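**Student:** I would like the atomic coordinates for the input below:
(2 chains)
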Amino acid sequence: EAQVTQNPRYLITVTGKKLTVTCSQNMNHEYMSWYRQDPGLGLRQIYYSMNVEVTDKGDVPEGYKVSRKEKRNFPLILESPSPNQTSLYFCASSPRQGINEQFFGPGTRLTVL
Amino acid sequence: QKEVEQDPGPLSVPEGAIVSLNCTYSNSAFQYFMWYRQYSRKGPELLMYTYSSGNKEDGRFTAQVDKSSKYISLFIRDSQPSDSATYLCAMSAGGYQKVTFGTGTKLQVIP
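**Tutor:** So this is what the prediction gives:
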């Protein structure tokens, strides 16, 4: 089954404790992206990657890191999480030619205390 | 001013009603217009995708784009309780340009 998977689905952590949210897709898509979704603000892009080793900042990159060492994986790293990073996070992927048709993962609900 | 404006709702309609969901935008470079549907506790899924102006129909769903007014709409005919979800509009200038999302309209269809 074609899908985007994220882990963990739910995470409660404390300020300053480094964490990684993994994202994996099995559709051989080149383009991958991370979004956060907050009430009243909608989906905002954090980082995106157009291919292996090619990443770029989205609208709200502060406090986040990403890497793309393999085509299928695009982890999101919070080196020192803060309470304002409490949010619902989505990973998405799309094929090279259909960049606008993104396939979303199930989401990761993160709470930073 | 946000690039994309969308009424957050909630919008509550009886089963069988025609639903109209709308977004306005300010960036005239947008050429690709999408509607995503998001059920509670799920990721968004692409519902409709149109390029430039005009209409596109898919079953009970019709997407309209009016680039001169910078206004897009999604119509749902014969609405069903299973249509209850949040509907997100999204737009892009195309290619590798970023996709900008609206904040979403929550729709409830009452049996």
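
**Student:** Please work out which residue of chain B is closest to chain A.
**Tutor:** Distance from chain A to each residue of chain B (Cβ to the nearest Cβ) is smallest for residue B:43, at 3.3 Å. Bear in mind the C-beta positions are built from the backbone N, C-alpha and C, glycine included.

**Student:** and the residue lying closest to residue B:10 once chain neighbours are set aside, what are its bridge partners?
**Tutor:** Using Cβ to Cβ, 6 or more residues apart in numbering or on different chains and skipping the chain neighbours, the partner closest in space to residue B:10 is residue B:106 (4.2 Å). For residue B:106, the beta-bridge partners under DSSP bridges are residue B:86.

**Student:** Same question for residue A:32.
**Tutor:** residue A:49, residue A:93.

**Student:** got it, and the one 10 residues further on?
**Tutor:** Listed by DSSP bridges, the beta-bridge partners for residue A:42 are residue A:38.

**Student:** State the distance from the residue nearest to residue B:10 to residue B:85.
**Tutor:** Distance, residue B:106 to residue B:85, by Cβ to Cβ, to the nearest Å: 8 Å.

**Student:** between those two, who's got more neighbours?
**Tutor:** Remark: of residue B:106 and residue B:85, residue B:85 carries more neighbours, 21 against 16, as counted by other Cβ atoms under 10 Å in any protein chain shown.

**Student:** quick one: that one and residue B:35 touch, right?
**Tutor:** No - look at residue B:85 against residue B:35 with Cβ atoms under 8 Å: they stay out of range, at 11.0 Å.

**Student:** what mean pLDDT would you report for stretch A:90-108?
**Tutor:** The average pLDDT within stretch A:90-108 is 83.

**Student:** got the buried residues for that stretch?
**Tutor:** A:90-94, A:99-100, A:102-105, A:107-108 (16 or more other Cβ atoms under 10 Å in any protein chain shown).

**Student:** gap between the two ends of that stretch?
**Tutor:** 7 Å (Cα to Cα, to the nearest Å).

**Student:** what does stretch A:61-69 rub up against?
**Tutor:** For stretch A:61-69, the external contacting residues (Cβ atoms under 8 Å, 6 or more residues apart in numbering or on different chains) are A:32, A:34, A:46-47, A:49, A:51-55, A:74-82, A:85.

**Student:** Centre of the chain to it, how far?
**Tutor:** Its chain's C-alpha centre and that of stretch A:61-69 lie 9 Å apart, by Cα atoms, centre = their mean, to the nearest Å.

**Student:** Surely the residue of chain B closest to chain A is in contact with residue A:102?
**Tutor:** No - assessed by Cβ under 8 Å, residue B:43 is found out of contact with residue A:102, at 9.6 Å.

**Student:** Bridged to the residue in chain A that chain B sits nearest to, which residues?
**Tutor:** When scored by Cβ to the nearest Cβ, chain A has residue A:104 as its residue closest to chain B, at 3.3 Å. Residue A:104 has these beta-bridge partners by DSSP bridges: residue A:92.
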